[in-house]
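Student: what's the 3D shape of this:
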Amino acid sequence: MKVEWSIANFKKMVGPNRPDNPIVFFDVQINGQDIGRIKFELFAHLLPRTAENFRQFCTGESKKDGVPQGYKRSTFHRVIKDFMIQGGDFVKGDGTGVYSIYNGLAFDDEGFQLKHEGPGFLSMANSGPNTNGCQFFITCAKCDFLDQKHVVFGKVVDGMLAVRKIENVPTGPNNRPKLTVEVVQCGEL
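Tutor: As a prediction, this is how the structure comes out:
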């Protein structure tokens, strides 16, 4: 679906929250201390495959050899203040793991209708075109240089304070947090 970009079209496509779109959540801890819940609306009405991949990793519905695969107990492995926080690599934990609900393989970019217009957008992390898997990032600022390269498929609807707390964790080499930032529980509301 090709849609011309404008603020009016954006608001028409994503806001206000659509009752038919899934709402999922992360409960997050930093070094074992609760920092809050992040709730996301997934834009399933526009990007159903991408939204479903993320949703199943939140609920644990996706299984490999009978074992749930997903974000529970995964960490945020990359944090760049005033840019984004990245997580979802439950395969290797370092930003190199790839897994999807689609036979475990990377899947194609579903669409670039939405832009990285400001803080709180949920987007697929990738290593180039059509390499989407389990990794994602949440924007902390406008990141328009990522438009047409990463698929925006959701937004934070509650919990930006928790996002900001993660964004401000001290980091070391490769923007890796010096403290453990962990998704201790996740699911669908």
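
Student: which residues sit against stretch 176-185?
Tutor: Applying CB atoms under 8 Å, 6 or more residues apart in numbering, the contact partners of stretch 176-185 are 26-32, 34, 71-79, 85, 87, 166, 169-172. Just so you know, the C-beta spots here come from the backbone N, C-alpha and C atoms, and that holds for glycine as well.

Student: again, only using 10 Å
Tutor: Identification of contacts with stretch 176-185 by CB atoms under 10 Å, 6 or more residues apart in numbering yields 25-35, 37-38, 58, 70-79, 85, 87-88, 90, 94-95, 162, 165-166, 169-172.

Student: quick check: the spatially most central residue of the chain vs Asn31, distance?
Tutor: Geometric centre of the chain, nearest residue: Phe136, 3.8 Å, by CA atoms, centre = their mean. Separation of Phe136 from Asn31 (CB to CB, to the nearest Å): 22 Å.

Student: can you check Val79 too?
Tutor: Counting by CB to CB, the gap from Val79 to Asn31 is 14 Å.

Student: looking at these two, which one has more neighbours?
Tutor: Here Val79 and Asn31 are compared on neighbour count by other CB atoms under 10 Å; more neighbours surround Val79, at 24 against 12.

Student: pLDDT at that one, what is it?
Tutor: According to the prediction, Val79 has pLDDT 98.

Student: quick one: contacts for it?
Tutor: Taking CB under 10 Å, 6+ apart, we find Val79 in contact with 85-87, 137, 140, 166-171, 175-179, 181.

Student: among the contacts of stretch 176-185, which lie within strands?
Tutor: Among those, the members falling in strands (DSSP state E) are 25-30, 33-35, 37-38, 76-79, 85, 87.

Student: from those residues, keep the buried residues only.
Tutor: Neighbour-count burial within the ones in strands among the contacts of stretch 176-185 applies to 25-30, 35, 38, 76-79, 85, 87; the criterion is 16 or more other CB atoms under 10 Å.

Student: show me the two of those that sit farthest apart.
Tutor: The span of these, defined through CB to CB, is set by Phe25 and Arg78 at 21.1 Å.

Student: Provide a list of residues in contact with the closest residue to Pro68 other than its chain neighbours.
Tutor: Taking CB to CB, 6 or more residues apart in numbering as the measure, Pro68 lies nearest to Gly60, with 3.6 Å between them; neighbours along the chain are not counted. The contact partners of Gly60, taken as CB under 10 Å, 6+ apart, are Val67, Pro68, Gln69, Gly70, Tyr71, Lys72, Cys186, Gly187.
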